[in-house]
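Participant: pasting the sequence and the predicted model now:
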Amino acid sequence: MAAVGYWATPGDRARVIVDERGTEWEVYDESTWSIELALEWDFLPQTENPGLIFASRDGRRRVWPCPVGWQKLSDAELLALLTAAKTSV
């Protein structure tokens, strides 16, 4: 049996951005998560209303709904979304 990757395609992979304090944030589209990735976290992904997840050593934040085409946003645009994101527990 072949190993199952976390995402279906390279375009669905997390993106890393760095804020003004030097904190690295991994950015994920919650709707593309697999069960393997969800099991690595201490919370389950939203299936009814998936968002864009920002995860770092400082915590997690979500933006709802996940912006269409977020992968094409610049780092500055993603950092602006991060600023507006809600803290996720």
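Facilitator: Looks like it arrived, so ask away. Because the structure is a prediction, the values reported are computed rather than measured.
Participant: how about the helices in this structure?
Facilitator: 35-40, 75-84 (DSSP state H).
Participant: for this protein, give me the ranges with low pLDDT.
Facilitator: 1-13, 33-47, 88-89 (pLDDT under 70).
Participant: show me where it has its strands.
Facilitator: Using DSSP state E, the strands of the chain run over 15-18, 24-29, 52-56, 59-63, 86-88.
Participant: any idea how far Arg57 is from Thr32?
Facilitator: Per CB to CB, to the nearest Å, Thr32 is found 23 Å from Arg57. Every C-beta, even on glycine, is put in place using the N, C-alpha and C of the backbone.
Participant: nope, Cys66 is what I meant
Facilitator: Going from Cys66 to Arg57 by CB to CB gives 23 Å.
Participant: out of these two, which sits in the more crowded spot?
Facilitator: Under the neighbour definition other CB atoms under 10 Å, Cys66 and Arg57 were set side by side, and Cys66 has more, 19 against 7.
Participant: OK, contacts around that one?
Facilitator: 29-31, 50-52 (CB atoms under 8 Å, 6 or more residues apart in numbering).
Participant: that concludes my questions; thank you for your assistance.
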